[in-house]
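Colleague: Predicted model and sequence below, questions to follow.
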Amino acid sequence: MQNTIATSVSITGTGLHSGKPVRLRLRPAGVDTGLVFRRVDMDAAVQDIHVSPAAWVEASLCTVLQNAHGVRVSTIEHLLAALHGCGVHNIIIELDAEEVPILDGSAAPFVTKLLRAGIKPLDAPLTAVRVLKPVSVEKDGARASLFPAGQLELAFEIDFAEPAIGHQSRKLAMCNGAFLRELSDCRTFCLRRDVERMQAAGLALGGTLDNAVVFHEGEILSPGGLRRADEPVRHKMLDAMGDLYVAGLPMLARYEGVRAGHALTGRLLQKLFATSDAYEIITLDGSARKRLPGSGISFSDLSLSA
C-alpha cells in the first residue's frame, strides 16, 4: 500500500543559507500524488514542484529542485530522508520560502513530527524502482554507485584530514526501522574555516553550533560533542537517503558512496534513469513492502527525542 500522513504538521525554523525564518506545513495527500513541494509565497500557477529526477538541479552544498517555471526549493535532503525513512509516499509540503528549515541539522525533528501525525495507509498498490545492473559516477576521486539488491542498502566511506573526523565507513540495510535508529539523529558537519568562508560569501547565514557539528583542529566546538562516535559518516548516509528519494519512489538497490556528496548522488540518479536497461518500475508485493525503510516503525526506533 501507499502511505501518507494522517494529519497535517506545522514546523517553523530558520533557513541554513538565508538565515531567515521559514514556515513549513506537511499535508496529507491522496493516492499517486507523490511528493510535492508547494511554494505558498509564489503565484498558485507556478508554486508546485514535484519531486522527480527531472526537477533536480546540480548544487554542491545541498539538494535543489526546480520546476519548469524556475521556482526552486533547496536544502530538502533531511526532510526527504525523513519521509523516505518513515515510508511516506504521498504528501504536500508547503513552504513560504525557498529553503526547508535546518532545525537541528538532522532528520530527527522531522521524523518525530511525522510519527506524531501518524502514517496512514492508502488503498493502492505501491511501486518502486528496482536497479537491474550497476551504475556509477565519479569525480575528483569521489564515487557514487548503485547495484542490484532486494532491499535498500547504504554503504559510505569518508576520509578527512581533520583529525577529529579522519577515515570512517559504515554499511546498513535500511529496513526494520534502521534509518530511525541508526541515522536519523546524525547532524550535518563542517570545519570552522569552511563556515567562515561560506558566511563571508553570504552563505550558511543561519548556521550555528546548534544545527551543525563544527570541527576545528582536532576539537568539536558544538556543545555536547558528538551524538555517535562516527556521526559524520552516518550523516552522509542520511543525506544519501534523502538524495535517493529524489527518485520519487522507494528504491531496491545497494548504494555505495566514497567521498560522495549531493551533486554526485544526483548525477548518479540522472545516469540511472537515462539508462533504460539499468532499472525497472515494479509493483511491490507484501514481502517486498516489509523490507522498505518505513515498514513497522514506531517511536521506540528513535534514539533521540527531537
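Modeller: Good, I have the coordinates.
Colleague: wait, Ile11 sits on Arg25?
Modeller: Yes. Using Cβ atoms under 8 Å, Ile11 is in contact with Arg25, at 7.5 Å. All C-beta atoms are positioned from the backbone trio N, CA, C, and that covers glycine.
Colleague: Once you drop chain neighbours, what's closest to Met251?
Modeller: Val129 (4.6 Å; Cβ to Cβ, 6 or more residues apart in numbering).
Colleague: repeat for Ala81
Modeller: Per Cβ to Cβ, 6+ apart, closest to Ala81 is Gly242, 3.5 Å.
Colleague: Secondary structure element for that neighbour, which one?
Modeller: Per DSSP states H and E, Gly242 falls inside helix 231-244.
Colleague: Show me what the very next helix or strand once past that helix is packed against.
Modeller: Sequence-wise, the next helix or strand downstream of helix 231-244 (DSSP H and E) is strand 251-252. Here strand 251-252 touches strand 127-131, going by 3 or more Cβ pairs under 8 Å, 6 or more residues apart in numbering; DSSP states H and E.
Colleague: from the middle of its chain, how far away would the strand it packs on be?
Modeller: 18 Å (Cα atoms, centre = their mean, to the nearest Å).
Colleague: ditto for stretch 282-302
Modeller: How far stretch 282-302 lies from its chain's middle: 17 Å, per Cα atoms, centre = their mean.
Colleague: where do the helices sit along the stretch 201-306 of the chain?
Modeller: For the stretch 201-306 of the chain, applying DSSP state H, counting those that start in this stretch gives helices covering 231-244, 262-274, 286-289.
Colleague: any weak-confidence spans in the stretch 101-250 of the chain?
Modeller: 203-205 (pLDDT under 70).
Colleague: So which residue is dead centre in the chain?
Modeller: For the chain, Gly242 is the residue whose C-alpha lies nearest the centre (Cα atoms, centre = their mean; 1.9 Å).
Colleague: Could you pull up the residues touching that one?
Modeller: By Cβ atoms under 8 Å, 6 or more residues apart in numbering, Gly242 lies in contact with 63, 76-82, 84, 107.
Colleague: can I have the helix holding Gly242 written out in PDB, keeping just the CAs?
Modeller: C-alpha atoms of helix 231-244 as PDB (Å, rounded to 0.1, in the frame of the first residue of the first chain):
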ATOM      1  CA  GLU A 231      28.300  10.700  13.400                       C
ATOM      2  CA  PRO A 232      29.900  12.300  10.200                       C
ATOM      3  CA  VAL A 233      29.700   9.200   8.100                       C
ATOM      4  CA  ARG A 234      26.300   8.400   9.400                       C
ATOM      5  CA  HIS A 235      25.100  11.900   8.400                       C
ATOM      6  CA  LYS A 236      26.500  11.300   4.900                       C
ATOM      7  CA  MET A 237      24.300   8.200   4.700                       C
ATOM      8  CA  LEU A 238      21.300  10.300   5.900                       C
ATOM      9  CA  ASP A 239      22.000  12.700   3.100                       C
ATOM     10  CA  ALA A 240      22.100   9.800   0.600                       C
ATOM     11  CA  MET A 241      18.800   8.600   1.900                       C
ATOM     12  CA  GLY A 242      17.300  11.900   1.100                       C
ATOM     13  CA  ASP A 243      19.000  12.400  -2.200                       C
ATOM     14  CA  LEU A 244      17.900   8.900  -3.400                       C
END
